[in-house]
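A.B. asks: coords please:
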Amino acid sequence: METILIVDDEKNYPPVLSAILEDEGYETLTANSGPEALGVLERSDVDLLLTDMKMPGMDGVQLMEKARGLDPDLPVIVMTAYGTVEMGLEAMDRGAHSYIWKPFQNEQLILFVKQALKLRRVVLENRLLRDELGQRYSFGNLVGKSKAMTEVFAAIRKVAPTDATVLITGDSGTGKELVAKSIHFNSERKDRPFVAVSCAALPENLLESELFGHEKGAFTGAAAKRKGRFELADGGTLFLDEIGDLTPPVQVKLLRVLQERSFERVGGEKPITVDVRIIAATNRDLQALMAAGRFREDIYYRLNVLPIHLPPLRERREDIGLLVEHFLNKYKASRHQGPEVTGVSPRVERLFADYDWPGNVRELENVIERALILCSGSTINVGDLPREFRDSVKNTLHLEGIPADAQLAETLAWVEKSMIQRAMRLSNNVQAHAAQLLGIGKSGLNQKLKKFGLDRDSKE
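C.D. replies: Predicted coordinates for the structure are as follows:
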């Protein structure tokens, strides 16, 4: 139920308005002066302030300004029996939602109240969305403890408060857009738009219109003027994904925007200036494209002000366990039956550690999401994994990686040592867990650690 604070120095007036508004289903609070109203606002959650304009000591506009110090988004309706149109307009210029003259019809008051509260709901929903997005794209969603990811976090912290152009490189599925959103939502532009466009998803004739907009009649099918992504991102961040797929003509136009922050719509002649931060990303080798004459050097150096490289998952295997835990927590709400899934089996851990993850973090997330649906117990076992994943990670011995003259004893010792090292890495050096992964006792693991001269520091 929404709450309305009614303020009027005429003591009989607030109770009358309260009765009218409570009949409409609203909760009301009353006060007879500005200072009294401020006390109510400090103690209570209020969705709308309905105040008289002319009151002794503190008038309605002064009360409105002080109330906004407590809640910047609080809508205010000003009532007046003395004012003129100019006074009402001045109140709106100072931030009032609307003004209403006394005496007024009840229906008129109710209409104004409904309009102001509708605006309040929209503002609160947008605030919640911004908070949710800010949380979703904070560093907490970029999971990793590896050296490579620690360097990524450090780069984000340094670049986020600036307006520097960022170039994010890495294989598909490594999380480049997540990094871009983390930069945006940790910057001063976080309350402004984050607009993303894939340069590989659209043909050249549509991409130019998508980026820069077009005027009515600019080409066949352009039935109306349309703003492009640069204009929509004004004040915020524009994320250009797969920048390496831009064609030469679009590259030329993009270079001008990067240099001057202005452009013309397709079919237009009037320059449009925007305040946009550019973050670009690619999974392609831009230097190789430059050498082949397919990507302009001047654009590359404009984009590559601060580069951030995301490593493939196979190069940061120590992060797999953290990512598995993260995705289990992320998708557990979608599990509608069966016990809560708390982890994966030791055999699944070994499969995950040995797999090369060509689809990177995106592939791991997909595997966990699907396994949660298939799993009937509290632990994900090999049989719960998607069939195509199981088929791709069948344990086969790659003999081509072993020298032809390798002796059996030394090869077996190398395999044994490698498995022990992997188990210790997966268990974060917890010997009891490592022994469980290997299917041996803890005392047996201790002997093997000593045999191979491996670090026996243990987190019991």
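
A.B. asks: wait, doesn't Leu49 sit right on Leu70?
C.D. replies: No: with contact defined as C-beta atoms under 8 Å, Leu49 does not count as touching Leu70 (10.2 Å). Placement of C-beta: from N, CA and C, glycine included.

A.B. asks: tally of neighbours for Ser443?
C.D. replies: By other C-beta atoms under 10 Å, the residues close to Ser443 number 9.

A.B. asks: Give me the residues contacting the helix or strand hosting it.
C.D. replies: Following DSSP states H and E, one finds Ser443 within helix 442-451. Contacts to helix 442-451, defined as C-beta atoms under 8 Å, 6 or more residues apart in numbering, come from residues Glu416, Ile420, Gln431, Ala432, Ala434, Ala435, Leu438, Ile440, Leu454, Asp455, Arg456.

A.B. asks: Pipe those into CSV and attach secondary structure and distance to Glu369 per row.
C.D. replies: Shown next, in CSV, are the contacts of helix 442-451 (DSSP: H, G, I helix; E, B strand; the rest coil; distance: C-beta to C-beta, whole Å):
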residue, secondary structure, distance to Glu369
Glu416, helix, 35
Ile420, helix, 32
Gln431, helix, 32
Ala432, helix, 30
Ala434, helix, 28
Ala435, helix, 31
Leu438, helix, 29
Ile440, coil, 33
Leu454, coil, 36
Asp455, coil, 36
Arg456, coil, 38
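
A.B. asks: In stretch 178-193, which residues are buried?
C.D. replies: Across stretch 178-193, burial judged by 16 or more other C-beta atoms under 10 Å covers 178-187, 189-190, 192.

A.B. asks: hey, C-alpha coordinates of it in PDB?
C.D. replies: Taking C-alpha atoms only, stretch 178-193 is exported to PDB below (Å, rounded to 0.1, in the frame of the first residue of the first chain):
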ATOM      1  CA  LEU A 178      30.900  -9.400 -18.900                       C
ATOM      2  CA  VAL A 179      34.100  -7.500 -18.500                       C
ATOM      3  CA  ALA A 180      32.700  -4.600 -20.600                       C
ATOM      4  CA  LYS A 181      29.600  -4.400 -18.300                       C
ATOM      5  CA  SER A 182      31.800  -4.600 -15.200                       C
ATOM      6  CA  ILE A 183      33.800  -1.600 -16.400                       C
ATOM      7  CA  HIS A 184      30.600   0.300 -17.200                       C
ATOM      8  CA  PHE A 185      28.800  -0.500 -13.900                       C
ATOM      9  CA  ASN A 186      31.800   0.400 -11.900                       C
ATOM     10  CA  SER A 187      32.200   3.800 -13.600                       C
ATOM     11  CA  GLU A 188      30.700   7.200 -13.200                       C
ATOM     12  CA  ARG A 189      28.500   6.400 -16.200                       C
ATOM     13  CA  LYS A 190      26.700   3.500 -14.400                       C
ATOM     14  CA  ASP A 191      23.400   5.300 -14.300                       C
ATOM     15  CA  ARG A 192      23.500   6.000 -18.100                       C
ATOM     16  CA  PRO A 193      22.900   3.500 -20.900                       C
END
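
A.B. asks: Low-confidence regions, this protein specifically.
C.D. replies: Where the chain drops to pLDDT under 70, the residues are 1, 82-86, 88, 125-141, 394-402, 456-460.

A.B. asks: and if we set it to 50?
C.D. replies: The chain contains residues with pLDDT under 50 at 133-135, 137, 395-397, 458, 460.

A.B. asks: Break it into its domains for me.
C.D. replies: Following automatic domain parsing, the chain resolves into domains at 3-132, 143-311, 314-392, 400-451.

A.B. asks: gap between the two ends of the third one?
C.D. replies: Here the two ends of domain 314-392 are set 15 Å apart, with distance taken as C-alpha to C-alpha, to the nearest Å.

A.B. asks: can you map out the strands along the protein?
C.D. replies: Assigned by DSSP state E, the chain shows strands spanning 3-7, 27-31, 48-52, 76-80, 98-101, 166-170, 194-198, 237-241, 262-263, 272-273, 277-282, 306-310, 343-344, 379-380.

A.B. asks: I'd like these as CSV, with distance to Leu119 appended.
C.D. replies: Formatted as CSV, these follow (distance: least, C-beta to C-beta, whole Å):
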stretch, distance to Leu119
strand 3-7, 14
strand 27-31, 18
strand 48-52, 10
strand 76-80, 11
strand 98-101, 10
strand 166-170, 36
strand 194-198, 24
strand 237-241, 26
strand 262-263, 34
strand 272-273, 29
strand 277-282, 29
strand 306-310, 39
strand 343-344, 47
strand 379-380, 47
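
A.B. asks: Out of these, the one nearest Phe219 is which?
C.D. replies: Evaluated with C-beta to C-beta, these place strand 262-263 nearest to Phe219, the distance being 16.8 Å.

A.B. asks: Tell me how far that closest one lies from the chain's centre.
C.D. replies: 28 Å (C-alpha atoms, centre = their mean, to the nearest Å).

A.B. asks: what lines up beside that strand in the sheet?
C.D. replies: With DSSP bridges as the test, strand 262-263 is paired with strand 272-273 (antiparallel).

A.B. asks: Need the residues that contact the partner strand.
C.D. replies: Contacts to strand 272-273, defined as C-beta under 8 Å, 6+ apart, come from residues Gly213, Phe230, Glu231, Arg261, Ser262, Phe263, Glu264, Arg265.

A.B. asks: Okay, Asn304 and Leu38: tell me how far apart.
C.D. replies: Asn304 is 53 Å from Leu38, where distance means C-beta to C-beta, to the nearest Å.

A.B. asks: What of Val266?
C.D. replies: Distance from Val266 to Leu38, counting by C-beta to C-beta: 54 Å.

A.B. asks: what's the answer for Met92, then?
C.D. replies: Applying C-beta to C-beta to Met92 and Leu38 gives a distance of 21 Å.

A.B. asks: Equivalent analysis for Phe212, please.
C.D. replies: Relative to Leu38, Phe212 is positioned 49 Å away (C-beta to C-beta).

A.B. asks: Counting neighbours, which bits of stretch 59-76 end up buried?
C.D. replies: Here stretch 59-76 shows Asp59, Gly60, Val61, Leu63, Met64, Ala67, Leu74, Pro75, Val76 as buried, counting by 16+ other C-beta under 10 Å.

A.B. asks: what's the closest of the residues you listed to Phe327?
C.D. replies: Nearest to Phe327, judged by C-beta to C-beta, of the buried residues of stretch 59-76 is Leu74 at 40.2 Å.
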